[in-house]
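Q: sequence plus the predicted model coming up.
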Amino acid sequence: MSFLAYVTLEVADLAAAERFYSDAFGLGPRVRLRTSEAPTSGFRGFTMSITVSQPADVDSFLGSALEAGATSLKPAAKSLWGYGGVVQAPDGTIWKVATSSKKNTGPATRKVDDLVLLLGVEDVKASKQFYVEQGLSVAKSFGGKYVEFASDDASVKLALYKRRGLAKDVGVSEEGSGSHRIVLGGTAGSFTDPDGFAWEAASVSSASA
């Protein structure tokens with residue numbers, strides 16, 4: 001089974017990004033950084049999501065991100081599905097922190113249950129088929145609306161969502177152009193998907209956040 005091992009965020013200021021991600025999230029080698037000056041504007045077509053076990057953990061991660069320089073896009077709040085909020089890192093990456101629980105079961109922790117990369121795609125069914133052909137296994141699928149691929153505990157979970165719906169979920173316009181400013185490191189090798197997201201063969205040598 002092929003899977004997404006890590007993501008590499010392309011940033012303009014490497015030192016500043018390293019400080020931010022260390023202070024805000026501390027996610028280790030699953031989130032890597034490299035310098036890029038590739039032009040980009042607006043929504044980059046993806047979001048990162050940190051799933052935790054309780055609201056106090058959501059508040060802890062969002063609080064440290066804001067203190068480290070992130071901008072709030074959606075303040076933490078309860079919803080039908082649980083509790084969560086959205087911030088944008090100084091490098092432009094959008095991060096959602098959420099839990100399906102609406103009540104705390106103990107003191108806040110920094111434990112991450114899942115790290116998820118959501119790609120906003122034009123055609124979910126077509127992209128699903130493309131990734132299956134690359135060797136990824138489907139874990140969940142809801143027609144042409146959402147697809148989630150299988151992963152292990154040490155990797156990044158990959159999911160597909162309609163671009164417009166993903167932008168709406170995090171509170172931004174779907175308009176955007178230029179570089180995605182992200183490279184996906186996986187066991188399926190090097191390729192570019194139908195929406196222009198580039199993959200590279202997983203390596204252990206890149207810098208981590």
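A: Received the coordinates, thanks. Numbering: from 1, shown residues only.

Q: tell me the pLDDT of residue 1.
A: If you check residue 1, the pLDDT there is 84.

Q: please apply the same query to residue 207.
A: Confidence at residue 207, expressed as pLDDT, is 44.

Q: remind me, longest helix of the chain?
A: Of all segments of type helix in the chain, defined using DSSP state H, the longest is helix 55-67.

Q: determine how far that helix lies from the middle of the whole chain.
A: Computed by CA atoms, centre = their mean, to the nearest Å, the chain-centroid distance of helix 55-67 equals 16 Å.

Q: tell me the helix or strand right after it.
A: Counting by DSSP states H and E, the next helix or strand C-terminal to helix 55-67 is strand 71-78.

Q: identify all contacting residues around the longest helix of the chain.
A: By CB atoms under 8 Å, 6 or more residues apart in numbering, the list of residues contacting helix 55-67 from outside reads 23-25, 50, 52, 72, 76, 83-85, 87, 89, 95, 97-99, 101-104, 106-111. To be clear about C-beta, it is placed using only N, CA and C from the backbone, and glycine gets the same treatment.

Q: where does the chain dip in pLDDT?
A: Along the chain, the model assigns pLDDT under 70 to residues 204-209.

Q: so which residue is dead centre in it?
A: residue 48 (1.6 Å; CA atoms, centre = their mean).

Q: you'd agree that one is in a helix?
A: No. Under DSSP: H, G, I helix; E, B strand; the rest coil, residue 48 falls outside any helix and is assigned strand.

Q: is the closest residue to it other than its chain neighbours in a helix, a strand, or coil?
A: Using CB to CB, 6 or more residues apart in numbering and skipping the chain neighbours, the partner closest in space to residue 48 is residue 95 (5.0 Å). What three-state DSSP gives for residue 95 is strand.

Q: so residue 95 sits right up against residue 86, yeah?
A: Yes. With contacts counted by CB atoms under 8 Å, residue 95 reaches residue 86, the gap being 6.9 Å.

Q: shared neighbours of these two, anything?
A: Residues touching both residue 95 and residue 86 by CB under 8 Å, 6+ apart: residue 47.

Q: helices of this structure, start to end?
A: Using DSSP H, helices in the chain cover 14-24, 55-67, 124-133, 163-170.
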